[in-house]
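**Q** how does the following fold in three dimensions:
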Amino acid sequence: MSRVYDEEVYKDFNGMNGVENESDQLIEELYQGQHKDEEDFALNLLDSCWDFPENLLCYFNLEEFATDLFAYDYNISDNGHVFRR
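**A** Numbers count the residues shown, from 1 in each chain. Below you'll find the model as predicted:
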(Lines give C-alpha, C1' and ligand atoms only; values in the text may rest on other atoms or scores of the structure.)
Protein backbone atom coordinates (compact mmCIF):
# COMPACT_ATOMS: atom_id res chain seq x y z
CA MET A 1 0.00 0.00 0.00
CA SER A 2 1.34 3.41 -0.96
CA ARG A 3 2.12 5.98 1.67
CA VAL A 4 0.25 9.29 1.60
CA TYR A 5 2.59 12.26 1.30
CA ASP A 6 2.21 15.91 2.19
CA GLU A 7 0.97 18.11 -0.66
CA GLU A 8 4.35 19.87 -0.69
CA VAL A 9 6.08 16.58 -1.63
CA TYR A 10 3.78 16.16 -4.65
CA LYS A 11 4.34 19.78 -5.70
CA ASP A 12 8.10 19.48 -5.45
CA PHE A 13 8.15 16.15 -7.28
CA ASN A 14 6.00 17.48 -10.09
CA GLY A 15 8.01 20.69 -10.39
CA MET A 16 11.35 18.90 -10.47
CA ASN A 17 10.23 16.28 -12.96
CA GLY A 18 8.04 18.39 -15.24
CA VAL A 19 4.96 16.23 -14.74
CA GLU A 20 1.44 17.27 -13.86
CA ASN A 21 0.04 14.02 -12.49
CA GLU A 22 2.20 12.40 -9.89
CA SER A 23 2.23 8.66 -9.42
CA ASP A 24 2.11 7.57 -5.78
CA GLN A 25 4.09 4.47 -6.71
CA LEU A 26 6.78 6.51 -8.47
CA ILE A 27 7.06 8.94 -5.57
CA GLU A 28 7.24 5.97 -3.18
CA GLU A 29 10.22 4.63 -5.16
CA LEU A 30 12.08 7.94 -5.55
CA TYR A 31 11.34 9.98 -2.41
CA GLN A 32 14.20 10.00 0.12
CA GLY A 33 12.71 12.29 2.76
CA GLN A 34 13.12 15.92 3.75
CA HIS A 35 16.56 17.21 4.72
CA LYS A 36 18.07 20.53 5.75
CA ASP A 37 20.44 20.58 2.77
CA GLU A 38 22.54 18.32 0.52
CA GLU A 39 25.17 17.73 3.18
CA ASP A 40 22.52 16.77 5.73
CA PHE A 41 21.21 14.15 3.30
CA ALA A 42 24.74 12.91 2.55
CA LEU A 43 25.47 12.52 6.27
CA ASN A 44 22.18 10.68 6.79
CA LEU A 45 23.00 8.36 3.87
CA LEU A 46 26.49 7.77 5.22
CA ASP A 47 25.09 6.91 8.65
CA SER A 48 22.41 4.59 7.28
CA CYS A 49 24.62 2.70 4.81
CA TRP A 50 27.94 2.35 6.60
CA ASP A 51 29.11 2.00 10.15
CA PHE A 52 31.32 5.06 9.86
CA PRO A 53 33.01 5.95 13.17
CA GLU A 54 32.11 9.50 14.18
CA ASN A 55 35.68 10.26 15.28
CA LEU A 56 36.83 9.67 11.66
CA LEU A 57 34.19 11.90 10.10
CA CYS A 58 36.58 14.86 10.19
CA TYR A 59 38.72 13.04 7.59
CA PHE A 60 35.77 12.50 5.24
CA ASN A 61 34.95 15.26 2.75
CA LEU A 62 31.19 15.40 3.26
CA GLU A 63 30.80 18.43 0.99
CA GLU A 64 32.40 16.62 -1.97
CA PHE A 65 30.40 13.47 -1.24
CA ALA A 66 27.17 15.52 -1.29
CA THR A 67 28.21 17.29 -4.50
CA ASP A 68 28.80 13.95 -6.22
CA LEU A 69 25.51 12.50 -4.98
CA PHE A 70 23.49 15.44 -6.27
CA ALA A 71 25.40 15.71 -9.54
CA TYR A 72 24.19 12.31 -10.73
CA ASP A 73 21.89 10.41 -8.40
CA TYR A 74 19.63 12.79 -6.45
CA ASN A 75 17.70 16.06 -6.68
CA ILE A 76 16.76 18.32 -3.77
CA SER A 77 13.91 20.82 -3.85
CA ASP A 78 13.96 24.29 -2.32
CA ASN A 79 11.89 22.76 0.51
CA GLY A 80 14.51 20.10 1.19
CA HIS A 81 12.64 17.15 -0.34
CA VAL A 82 15.12 14.69 -1.86
CA PHE A 83 14.29 12.41 -4.79
CA ARG A 84 16.39 9.79 -6.58
CA ARG A 85 16.77 10.49 -10.28
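
**Q** residues in contact with I27?
**A** I27 is in contact with Y5, V9, Y10, F13, F83, counting by Cβ atoms under 8 Å, 6 or more residues apart in numbering. For the C-beta atoms, the positions are set from N, CA and C on the backbone; glycine is no exception.

**Q** over to E29?
**A** Applying Cβ under 8 Å, 6+ apart, one finds that E29 lies in contact with R84.

**Q** for it, give me the pLDDT.
**A** Among the per-residue scores, E29 holds a pLDDT of 91.

**Q** quick one on the thing from earlier: among the contacts of I27, which lie within strands?
**A** Cross-referencing the contacts of I27 against strands under DSSP state E gives F83.

**Q** which one of the contacts of I27 is nearest to D40?
**A** Out of the contacts of I27, the one with the shortest distance to D40 is F83. That distance is 15.1 Å, counting by Cβ to Cβ.

**Q** reformat the contacts of I27 as CSV; add neighbour count.
**A** CSV is the format used below for these (neighbours: other Cβ atoms under 10 Å):
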residue, neighbour count
Y5, 16
V9, 20
Y10, 16
F13, 21
F83, 20
